[in-house]
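Novice: what's the 3D shape of this:
(2 chains)
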Number of protein chains: 2
Amino acid sequence: MPGIIKERLFTPGPTPLLMEAQARTLTAANVHHRTEAFRKIMTETLELLKYYYDTKNDVLIFASSGTGAMEGSLTNLVSPGERVLVGTAGKFGERWLGLAQAYRIEAVKVESPYGQPVNIKEMKEKLASDGPFRAVYIQATETSTAVMNDVRTLGEAVKNYPETALVVDAITGLGTSNLRIEEWGLDVVIGGSQKAVMIPPGLAFASFSEKAWGLIAKAKLPHYYFDFAKERKNQAKGETAYTPATTLIISLNAALEYIKKLGRENLIANAALLAEASRAAAQALGLKLFAASSPANAATAICAPAGMDSGAIVKELRTRFGAVVANGQGSMKGQIFRLAHLGYYDIADLFAVFAALEIALLKLGQKVELGSGVRAVEEAYLRHAA
Amino acid sequence: MPGIIKERLFTPGPTPLLMEAQARTLTAANVHHRTEAFRKIMTETLELLKYYYDTKNDVLIFASSGTGAMEGSLTNLVSPGERVLVGTAGKFGERWLGLAQAYRIEAVKVESPYGQPVNIKEMKEKLASDGPFRAVYIQATETSTAVMNDVRTLGEAVKNYPETALVVDAITGLGTSNLRIEEWGLDVVIGGSQKAVMIPPGLAFASFSEKAWGLIAKAKLPHYYFDFAKERKNQAKGETAYTPATTLIISLNAALEYIKKLGRENLIANAALLAEASRAAAQALGLKLFAASSPANAATAICAPAGMDSGAIVKELRTRFGAVVANGQGSMKGQIFRLAHLGYYDIADLFAVFAALEIALLKLGQKVELGSGVRAVEEAYLRHAA
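Specialist: Sure, this is the predicted structure:
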């Protein structure tokens, strides 16, 4: 039965695109970045980003993936011979370690097993006993395991160290969780375009506290493209140090307008509802959640049934229904699959993907009560809907 | 809970757009219709339309809605003082009567109640006893009631009348049912762009048998814009008599390429499966189907529960889930709602809309077993899927 199959992304980035934001770029085919018109768009977009971030701190935009801003958050903050503290419990936490290694910076790590949040208590202890650290690195949401970290408690601890910056990879945390950037002392907060902000990959964002700017002024690791102070000076005028990704910025502007109209808090509540519904539906289908505690709103990591490769589920969903979910990464590959619900997803998307999952499991030999996963999604909706 | 709600069309026209066909027009912003480049596109598109129609007859394209081609099928075939036979069982059947009246042509009608197919036996009797008729008019699928008519039997009867043309409004019949145009003697077959062909409104199509061309040559009703013989001469060269809707034709070209790749028969089977699943799901939810027999593949007309206005269901689906279904038309308004599945729909669309319908009914005070409608869709899928 080779009928129509629509491709539907359920991956934690890229996420479904907001087509009205895509369309906006088409009316600006000939935009040049060194013009008053573009400076106006850039300045507006940076203001909208502050709304999205819920911060009064400076926010900057980079033409790069999120990893570029992560690298910059090492090279712009740290000097040779200084040490950093890294909290890790997944592939993205490990990226901080890889960055430190690349620049020969000693990283003290606090490591939790995959599926668990980073042990913040242990991080506080290391801060007190093992410093000084120029910077502390963590994920707000560890996308590889779909776990949320307690950056609030960590932030309140790092506040006591005036020479230490807290850098938060919130690439999937922004738009899915309430981050009180100033209140919690999150000095650098990194975002990416292909996540809750509903546009394609290609842009990274970062916000900076005054404390961060003070430390940046003293840092000596080599860097050129990711030069935060230089970008700050340029972007204050609606300029960029190097050529900006103009069409992505125009899309971003349109997407942030949509988000402002929807309401930042409603975007977050939407992800939280879909996450709650996804967990309930997975459990209704007899599946185990990978994140036993502190699950993320951005995505839900679900364990394959015992003896089944999660890749088989990924494949069934893709070939039968065009539903693209993510396999586990690294050692989690084959064990789990990840269903995203950050950004432009709605409850009807979940209705569809859980019915698809029911059939996928059935076809893979599992016992499934058809409709039971969808019913759990419906019940979650009814718990919150008027 | 004002979360994200994506708009999803489940109306029997307009239907969901094939975005890759929309995108194609963007690369042709400056196309001019009196050029070799456009003539090539037009000629290719007409060839692809023959594939879509499954006919060797001429097919023409008009910049109009389907109604324009319906009007032309009266004014190009009939002369003042001649009579026509009309089969009607819904709002679109009645349109033939309105057209005949506008041109003061006597129409003999064979009328069935809404929800039933046209009585073909009675049409055959009228043909034999009440003629001569210059043309016979009918719908392949009556969209207002979601009923399919037996145009095959009618066509085989009209074949015996060399001075009578059979005109079939297949605006929602094309791409949803197997029409054997030559074999059954369907002399003029009318289509529209906003239906199974997955592009926006604005184009009508029609195919013409040699018998039709012979009768067209003799017809005397006034017409100017819809001049079939003139268009035939022009379109044979990739030209059009009047300015063509260039961007829609470019979209059509791309959409027909997609359909050719998918396979015409798979497009039809897709609609048939979704129709079967929709009927099963509605019945699983305790709802009555409006078409007791001969339901269309293009859309499913579902009766509201006793005492409930179908408009309330339409409204709940739209406001809660962004799912746009059609109310009944005319006297059927408030009684039924129509869920379309012609063109660019897939099974996951049905998963989503039936879960949404379950909640809509529940919120309107109906007793609903959550998941039971979706389960029926899943079971229909499993009956046909490998």
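Novice: report the beta-bridge partners for the closest residue to A:Val188 other than its chain neighbours.
Specialist: Using Cβ to Cβ, 6 or more residues apart in numbering or on different chains and skipping residues adjacent in sequence, the residue nearest A:Val188 is A:Val167, 4.3 Å away. C-beta: built from backbone N, CA, C; applies to glycine. Counting by DSSP bridges, A:Val167 is bridged to A:Tyr137, A:Val188.
Novice: my read: A:Val167 touches A:Val78, true?
Specialist: No: if you go by Cβ atoms under 8 Å, A:Val167 and A:Val78 don't touch, sitting 10.0 Å apart.
Novice: mutual contacts of these two, please.
Specialist: Taking Cβ atoms under 8 Å, 6 or more residues apart in numbering or on different chains as the contact rule, A:Val167 and A:Val78 both touch A:Ala135.
Novice: what residues does the stretch 201-350 of chain A put near chain B?
Specialist: A:262-263, A:266-267, A:269-270, A:273, A:320-323, A:344-349 (Cβ under 8 Å from any Cβ of the partner chain).
Novice: neighbours around the one residue in the stretch 201-350 of chain A that gets nearest to chain B, how many?
Specialist: Of all residues in the stretch 201-350 of chain A, the one sitting closest to chain B is A:Asn270 (3.6 Å; Cβ to the nearest Cβ). For A:Asn270, the count of nearby residues is 28 (other Cβ atoms under 10 Å in any protein chain shown).
Novice: check which helix or strand covers it.
Specialist: helix A:264-284 (DSSP states H and E).
Novice: which ones are touching the closest residue to chain B within chain A?
Specialist: Of all residues in chain A, the one sitting closest to chain B is A:Gly371 (3.0 Å; Cβ to the nearest Cβ). Each residue near A:Gly371 by Cβ under 8 Å, 6+ apart is listed here: A:355, A:358, B:370-372, B:374-375, B:378.
Novice: relative to A:Ser278, how far out is it?
Specialist: 16 Å (Cβ to Cβ, to the nearest Å).
Novice: now A:Ile5
Specialist: 22 Å.
Novice: these two: which is more packed in?
Specialist: The neighbour count for A:Ile5 versus A:Ser278, taken as other Cβ under 10 Å, is higher for A:Ser278 (30 against 17).
Novice: next up, the contacts around that one.
Specialist: Contacts of A:Ser278 by Cβ under 8 Å, 6+ apart are A:300, A:302, A:339, A:341, A:350, A:354, A:377.
Novice: try 7 Å this time
Specialist: A:300, A:339, A:341, A:350 (Cβ atoms under 7 Å, 6 or more residues apart in numbering or on different chains).
Novice: got any ranges where chain A has weak pLDDT?
Specialist: A:1-2, A:29 (pLDDT under 70).
Novice: how does it divide into domains?
Specialist: Domains of chain A are assigned by automatic domain parsing as A:8-15+A:264-384, A:19-261.
Novice: put the buried members of the residues of the stretch 201-350 of chain A next to chain B into a ChimeraX selection.
Specialist: Filtering these down to the buried ones (16 or more other Cβ atoms under 10 Å in any protein chain shown) takes a single ChimeraX command:
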select /A:267,269,270,273,320,321,322,323,344,345,346,347,348,349
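Novice: pretty sure A:Leu154 is touching A:Tyr137, no?
Specialist: No: in this structure, A:Leu154 is not within contact of A:Tyr137 by Cβ atoms under 7 Å, at 10.3 Å.
Novice: okay, these two: which has more neighbours?
Specialist: Ranked by neighbour count (other Cβ under 10 Å), A:Leu154 and A:Tyr137 place A:Tyr137 first, with 28 against 25.
Novice: just to revisit the earlier point, for the residue of chain A closest to chain B, which non-adjacent residue is closest in space?
Specialist: A:Gly371 sits nearest to B:Gly371 (Cβ to Cβ, 6+ apart), 3.0 Å away.
Novice: tell me how far that neighbour lies from B:Cys303.
Specialist: From B:Gly371 to B:Cys303 the distance is 22 Å (Cβ to Cβ).
Novice: what does A:Lys260 give?
Specialist: Counting by Cβ to Cβ, the gap from A:Lys260 to B:Cys303 is 42 Å.
Novice: so the residue of the stretch 201-350 of chain A closest to chain B sits against A:His384, correct?
Specialist: No: counting by Cβ under 7 Å, A:Asn270 does not reach A:His384; the two are 10.1 Å apart.
Novice: so which of the contacts of A:Gly371 is the most crowded?
Specialist: Most surrounded of these: other Cβ under 10 Å gives B:Val374, at 35 neighbours.
Novice: double-check that that one belongs to a strand.
Specialist: No: applying DSSP: H, G, I helix; E, B strand; the rest coil, one finds B:Val374 to be helix, outside a strand.
Novice: residue contacts, it?
Specialist: A:355, A:371, A:374, B:351, B:354-355.
Novice: what's the neighbour count on A:Thr67?
Specialist: Neighbours of A:Thr67 under the rule other Cβ under 10 Å: 17.
Novice: cool, the one 3 residues further on as well?
Specialist: By the measure other Cβ under 10 Å, the count of residues near A:Met70 is 25.
Novice: what helices or strands is the host helix or strand of it leaning on?
Specialist: Assigned by DSSP H and E, A:Met70 belongs to helix A:66-75. Applying 3 or more Cβ pairs under 7 Å, 6 or more residues apart in numbering or on different chains; DSSP states H and E, we find helix A:66-75 packed against helix A:91-102, strand A:188-192, strand A:203-208.
Novice: can you do 10 Å?
Specialist: Using 3 or more Cβ pairs under 10 Å, 6 or more residues apart in numbering or on different chains; DSSP states H and E, the elements in contact with helix A:66-75 are strand A:58-63, helix A:91-102, strand A:135-139, strand A:165-169, strand A:188-192, strand A:203-208, helix A:210-216, helix A:228-235.
Novice: in contact with the closest residue to A:Ile347 other than its chain neighbours, which residues?
Specialist: In space, A:Ile347 comes closest to A:Tyr381 once its chain neighbours are excluded; the distance is 5.3 Å by Cβ to Cβ, 6+ apart. Contacts for A:Tyr381 (Cβ atoms under 10 Å, 6 or more residues apart in numbering or on different chains) come out as A:273-274, A:276-277, A:347-348, A:350-351, B:1, B:3, B:320-321, B:355-356, B:359, B:370.
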